[in-house]
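Participant: Sequence first, then the predicted structure, then my questions.
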Amino acid sequence: MGRKPEGEKVMHLGLDTGMTKSARYALLPGDPYRSETLARKLAEGADAEELAWKREYCSWLAEVEGVPVLVCSTGIGGPSASIAIDELAQLGVTSFIRVGTTGAIQLHIPVGDVIITSGSVRLDGASTHYAPIEFPAVAHYEVMAALVAGAKQVLPGRFHVGVTVSCDTFYPGQERKDSFSGYVPRRFQNITEEWKRLHCLNYEMESATVLTLCAALGLRAGSVAGVVVNREQGEEFTALEEGEDNSVKLAVAGLRELVRRDRAGSRDG
Ligand code: URA
């Protein structure tokens with residue numbers, strides 16, 4: 001329970017606090033192959049080090065503004081993300097930024113833009129194991145403010161802030177018909193129209209878990225996702241590279257801004 005004793009590894013990530021230099025900040029891509037990209041971008045040409053790669057959890061360490069920052073992939077979906085967050089918290093991480101990709105559901109959001117999630121619709125299962133469904137999946141205001149400030153610097157006019165629909169499945173839960181059966185269960189039929197009318201911006205699969213767990217555990221979290229498809233325009237992933245690149249750019253700028261703000265306010269993460 002609580003913090004891991006020094007030198008003791010957490011079960012799934014294969015990390016201990018010596019390896020992580022007791023980092024208090026973490027970036028969380030879904031894709032393990034994106035950990036290195038993020039770490040190298042954070043390091044800005046200085047050294048970045050691979051720490052471990054077990055299953056979907058690929059961890060790198062970089063230094064930003066003189067403080068250690070972890071990058072740890074979560075894999076896809078809430079269950080694996082919940083393990084990453086819990087074990088990183090056991091290692092002393094207190095601030096988390098998820099960096100992912102997403103499908104926009106509002107026509108006005110172009111592919112390649114980035115969505116900063118202010119709160120998520122909890123269509124996952126993992127978050128209900130940490131807090132009842134009435135508990136909100138909300139970003140921490142300090143992380144959100146830093147992400148927006150970072151976005152204004154590196155992606156002016158190309159980011160959107162709002163509510164994300166975060167769900168356990170890519171196909172039926174996001175009302176996709178190009179699945180094996182093509183069937184969308186009644187519960188999800190026409191649900192996208194309802195989310196649109198409720199001014200939700202996008203679908204993805206991890207933010208509900210990340211934001212709920214962190215809020216419930218007294219940790220800080222935010223979430224950004226690059227738009228790789230606009231579901232109002234079609235089902236083709238037309239901007240995979242641009243969406244990924246822009247989400248990385250924004251997350252790195254936001255993290256840098258968060259570290260600076262914490263330092264100015266004498267907070268160390
Ligand atoms: N990730 C999702 O969960 N949905 C999309 O449409 C794109 C990326």
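Facilitator: Structure received.
Participant: contacting residues around the residue in the chain that the ligand sits nearest to?
Facilitator: Going by C-beta to the nearest ligand atom, the ligand is nearest to residue 103 of the chain, at 2.3 Å. Backbone N, C-alpha and C define where each C-beta goes, glycine included. Contacts for residue 103 (C-beta atoms under 8 Å, 6 or more residues apart in numbering) come out as 174, 202, 203, 204, 227, 228, 229, 230, 231.
Participant: same thing with residue 144?
Facilitator: 116, 118, 161, 222.
Participant: circling back: which of the contacts of residue 103 come close to the ligand?
Facilitator: 174, 203, 204, 228, 229 (C-beta under 6 Å from any ligand atom).
Participant: ok so, going back, quick check: beta-bridge partners of the residue of the chain closest to the ligand?
Facilitator: residue 203, residue 229 (DSSP bridges).
Participant: Could you check the pLDDT of it?
Facilitator: The model reports residue 103 with a pLDDT of 98.
Participant: re earlier: could you save the ones next to the ligand among the contacts of residue 103 as TSV and add columns showing neighbour count?
Facilitator: Shown next, in TSV, are these (neighbours: other C-beta atoms under 10 Å):
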residue	neighbour count
174	24
203	25
204	24
228	22
229	22
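Participant: ok, which pair from those is furthest apart?
Facilitator: Spatial extent of those (C-beta to C-beta) is set by the pair 174 and 228 at 12.8 Å.
Participant: Within range of the ligand, give me the residues from this structure.
Facilitator: With C-beta under 6 Å from any ligand atom as the criterion, the chain meets the ligand at residues 101, 102, 103, 170, 174, 203, 204, 205, 228, 229.
Participant: In contact with the residue sitting nearest the centre point of the chain, which residues are there?
Facilitator: Centroid-nearest residue in the chain: residue 98, 1.7 Å away (criterion: C-alpha atoms, centre = their mean). Counting by C-beta under 8 Å, 6+ apart, residue 98 touches 28, 29, 74, 81, 206, 207, 210, 221, 222, 223, 224, 225.
Participant: and if we set it to 10 Å?
Facilitator: 26-30, 74, 81, 84-85, 117, 139, 166, 204, 206-207, 209-211, 214, 221-225, 247, 251 (C-beta atoms under 10 Å, 6 or more residues apart in numbering).
Participant: Let's see which of those end up in strands.
Facilitator: 26, 27, 28, 29, 117, 166, 204, 221, 222, 223, 224, 225 (DSSP state E).
Participant: Apart from its chain neighbours, what residue comes closest to the third one?
Facilitator: Once flanking residues are discounted, residue 28 sits nearest to residue 98: 4.6 Å by C-beta to C-beta, 6 or more residues apart in numbering.
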